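Trainee: turn this into a structure:
(2 chains)
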Amino acid sequence: MTQAADRAFVRMEGVGHCYNPDGGPMAVQQIDLEIHRHEFVAVVGPSGCGKSTLLRMVSGLLIPSAGKVSVFEKQVTEPRDDVGIVFQKPTLLPWLSIRKNVLFPLKHKFGRYSAKDEKRADELLAMAGLAQFADHMPDELSGGMQQRAGIVRALLLNPDILLMDEPFSALDAMTREQMGFDLLRIWSENPKTVLFITHSISEAVLLADRVLVMSQRPGTVLDLIDIDIPRPRSEQTIQTPEFAELTARIRKHIYEPEAH
Amino acid sequence: MNPKPTNVLPPRLRAVLMRYASAIFFIALVGLWEVICRVGEVPNYILPSPSSIFKAFFDVEFSRWLSHLWATLRVALLGFVLSIVIAIPLAIAMVRSELMTRVIYPALVVVQATPVVAVAPLIIVLMGTGDVSRVLITCMITFFPLVVSTTTGMLETPEELVELSQSLRAPRYRETWQIRIPYAIPHIFSGLKVSITLAIIGAVVAEFVAAEEGLGYFIQFSTSFFKIPQAFAGLIFLAIISLLLFKSVTWIQTWLFPWSLPKKK
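Mentor: Residues are numbered from 1 along each chain as shown, chains lettered A, B, ... in the order given. Reported below is the predicted structural model:
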């Protein structure tokens, strides 16, 4: 490993946030976290524990009221354009074809895109298995396919960081599992630093290198667990004893927070 | 067990009935009206029969109809277009700035709360008896639903897309034109459908106050000379024009923005 790769890529130091500027309850507090380059970190925790707040702070859409967030040794003080965001819903624009939706970040940021960009969009769509749907409208695709298009859109500008806010939670269980494996494949072909928010413990263990377990509001770090399950992971991973042990450990944090 | 079908009619006949239900009802209603007029010997100056209205329509020269129609249509459409030109920038300004909302919105409500019919004579005094006054009166009645529907639509843009725009650090005007305005299209068209019928009302109100031409003027003029069948003919003509304009808004939406139509299941 080079020295640069060894250093923390995303660093949070004593980060806390309170949405009310005049004081009041904290949404998250005392978060210390280091994410390495091209690492896949999943965040789990009860609803309302500030998982999304964490994600918005890395993207620079939200500046924390306490502590410091930095990306590659540079403090985040405004929205960063080197992050790709995937939302809970695909939020594709209904008036644009899938290809144009994928190209939308370029169109939106610079007002235009080149034939080369279109080629890249088509390559990314092919990688996500959407090649033959490039000219379709979003409402002609299933929920899973729409979300894959949403992921492709986030990858278009080739961001260093991919932020995913419960991206599969609107999908049915079977599509969801398949999407997880699809994401791992896409990620192995385009390595990114991923911060993946989920409320599914097994999804977190299946996908991530490390899982951050958060407490009830005000959210803070309960545990940071290394997932030493070798890659590539597959359906068989779910049946291994390591998988069962790790999910049980996380579940224990969530259901009996006082035990620790 | 399946519940027994309650239809007494054979399915084919039932389908035909369903298809033409409103037309059949309408024809029956007109028929009933004709019968009541004939059997009850209702005088023409109280309630003219459909047949006498039909006859009155053709007693008026076609070129006269056309010139009245053009006078009304001209005012209604100019007022309608003017209200679009005013309403959309106002809505954008209000969505983008809270200060603008605080300044503009109360003024809009005051204008909307003032009965246009009562203000119309004052506008005529102020602006003269020309088209300008009539267009202004029409515009006053049509622009409010447009402002409200455009604003609502723009504010209903999913928060995620606004965040996407912010995270891309795109210029603000692109957030408006590439995200918020297209998102508002279905709402804008609901507003346009309300406004286009209001535009006809506005033009007619203006003609009632001051005009020498137009379908509203024609109805008022015919009534004052007790040419009631002719007044009814004018009214029906007006209603048909209003209906056609309403339909054209839907056609334009289907043609230009097919994605904005409600999804058929």
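
Trainee: walk me through the domains of chain B.
Mentor: Per automatic domain parsing, the domain ranges recorded for chain B read B:11-41, B:59-259.

Trainee: what bridges to the most centrally placed residue in chain A?
Mentor: With distances taken as CA atoms, centre = their mean, residue A:164 lies nearest the centre of chain A, 2.5 Å away. Following DSSP bridges, residue A:164 is listed with bridge partners residue A:86, residue A:196.

Trainee: surely it is in contact with residue A:193?
Mentor: No. The criterion here is CB atoms under 8 Å, and residue A:164 misses it with residue A:193 at 11.5 Å. All C-beta atoms are positioned from the backbone trio N, CA, C, and that covers glycine.

Trainee: give me the number of residues near residue B:56?
Mentor: Residues near residue B:56, counting by other CB atoms under 10 Å in any protein chain shown, number 20.

Trainee: helix, strand or coil for it?
Mentor: helix (DSSP: H, G, I helix; E, B strand; the rest coil).

Trainee: count of neighbours near the residue lying closest to residue B:47 once chain neighbours are set aside?
Mentor: Leaving aside its chain neighbours, residue B:47 sits nearest to residue B:37 (6.3 Å; criterion: CB to CB, 6 or more residues apart in numbering or on different chains). By other CB under 10 Å, 19 other residues sit near residue B:37.

Trainee: and the helix or strand residue B:37 falls within, what does it pack onto?
Mentor: Residue B:37 belongs to helix B:21-39 when assigned by DSSP states H and E. Where contact means 3 or more CB pairs under 8 Å, 6 or more residues apart in numbering or on different chains; DSSP states H and E, helix B:21-39 is packed against helix B:50-59.

Trainee: contacts only, for the closest residue to residue A:166 other than its chain neighbours.
Mentor: Leaving out its chain neighbours, the residue that sits closest to residue A:166 by CB to CB, 6+ apart is residue A:88, at 4.6 Å. The contact partners of residue A:88, by CB atoms under 8 Å, 6 or more residues apart in numbering or on different chains, come to A:165, A:166, A:167, A:169, A:170, B:160.

Trainee: so where do the helices sit in the chain?
Mentor: All of this is about chain A. Under the criterion DSSP state H, chain A contains helices at A:3-6, A:51-59, A:98-110, A:115-127, A:143-155, A:173-189, A:201-207, A:241-255.

Trainee: wrong one, chain B
Mentor: B:11-19, B:21-39, B:50-59, B:62-96, B:98-113, B:116-127, B:131-155, B:159-167, B:172-174, B:181-209, B:215-224, B:228-256.

Trainee: what does the stretch 151-265 of chain B have sitting close to chain A?
Mentor: B:158, B:160-161, B:163-170, B:174, B:178-179, B:182, B:185, B:257, B:259-260, B:263 (CB under 8 Å from any CB of the partner chain).

Trainee: and residue 210, how many neighbours?
Mentor: Using chain A here. Using other CB under 10 Å, residue A:210 has 18 other residues around it.

Trainee: to clarify, I was referring to chain B.
Mentor: Count around residue B:210 with other CB under 10 Å applied: 18.

Trainee: and for residue B:244?
Mentor: Residues near residue B:244, counting by other CB under 10 Å, number 11.

Trainee: what of residue A:19?
Mentor: 12.

Trainee: go on, residue B:28?
Mentor: 10.

Trainee: separation between it and chain A?
Mentor: For residue B:28, the distance to chain A equals 41 Å [CB to the nearest CB, to the nearest Å].

Trainee: name the nearest residue to residue B:137, sequence neighbours excluded.
Mentor: residue B:206 (4.2 Å).

Trainee: same check on residue A:198?
Mentor: residue A:204 (5.3 Å).

Trainee: check the spacing between the one you found and residue A:177 real quick.
Mentor: Separation of residue A:204 from residue A:177 (CB to CB, to the nearest Å): 13 Å.

Trainee: just want to know which of the two has more residues nearby.
Mentor: Set side by side, residue A:204 and residue A:177 show more neighbours around residue A:204, with 26 against 18, by other CB under 10 Å.

Trainee: right, and the more buried one touches residue A:40 too?
Mentor: No. Between residue A:204 and residue A:40 there is no contact under CB under 8 Å: 9.9 Å.

Trainee: any residues in contact with both of these two?
Mentor: Common contacts of residue A:204 and residue A:40 (CB under 8 Å, 6+ apart): residue A:196.

Trainee: was I right about residue B:160 contacting residue A:91?
Mentor: Yes. At 4.5 Å, residue B:160 and residue A:91 qualify as touching, with contact defined as CB under 8 Å.

Trainee: now do the contacts for residue 146.
Mentor: By default, I'm working from chain A. Residue A:146 sits next to A:90, A:92, A:138 when contact means CB under 8 Å, 6+ apart.

Trainee: try again with chain B
Mentor: Each residue near residue B:146 by CB under 8 Å, 6+ apart is listed here: B:83, B:84, B:87, B:88, B:91, B:188, B:191, B:192, B:195.

Trainee: rewinding a little: can you redo the helices of chain B as JSON lines with distance to residue A:208 and mean pLDDT?
Mentor: Below are those laid out as JSON lines (distance: least, CB to CB, whole Å; pLDDT from 0 to 100):
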{"stretch": "helix B:11-19", "distance to residue A:208": "57", "mean pLDDT": "87"}
{"stretch": "helix B:21-39", "distance to residue A:208": "60", "mean pLDDT": "93"}
{"stretch": "helix B:50-59", "distance to residue A:208": "76", "mean pLDDT": "94"}
{"stretch": "helix B:62-96", "distance to residue A:208": "39", "mean pLDDT": "95"}
{"stretch": "helix B:98-113", "distance to residue A:208": "41", "mean pLDDT": "90"}
{"stretch": "helix B:116-127", "distance to residue A:208": "63", "mean pLDDT": "92"}
{"stretch": "helix B:131-155", "distance to residue A:208": "37", "mean pLDDT": "94"}
{"stretch": "helix B:159-167", "distance to residue A:208": "23", "mean pLDDT": "92"}
{"stretch": "helix B:172-174", "distance to residue A:208": "35", "mean pLDDT": "93"}
{"stretch": "helix B:181-209", "distance to residue A:208": "34", "mean pLDDT": "95"}
{"stretch": "helix B:215-224", "distance to residue A:208": "71", "mean pLDDT": "94"}
{"stretch": "helix B:228-256", "distance to residue A:208": "46", "mean pLDDT": "95"}
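
Trainee: columns distance to residue A:76 on top of these, output as a markdown table?
Mentor: A markdown table is the format used below for those (distance: least, CB to CB, whole Å):
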| stretch | distance to residue A:76 |
| --- | --- |
| helix B:11-19 | 62 |
| helix B:21-39 | 61 |
| helix B:50-59 | 73 |
| helix B:62-96 | 26 |
| helix B:98-113 | 27 |
| helix B:116-127 | 54 |
| helix B:131-155 | 28 |
| helix B:159-167 | 12 |
| helix B:172-174 | 21 |
| helix B:181-209 | 29 |
| helix B:215-224 | 63 |
| helix B:228-256 | 42 |
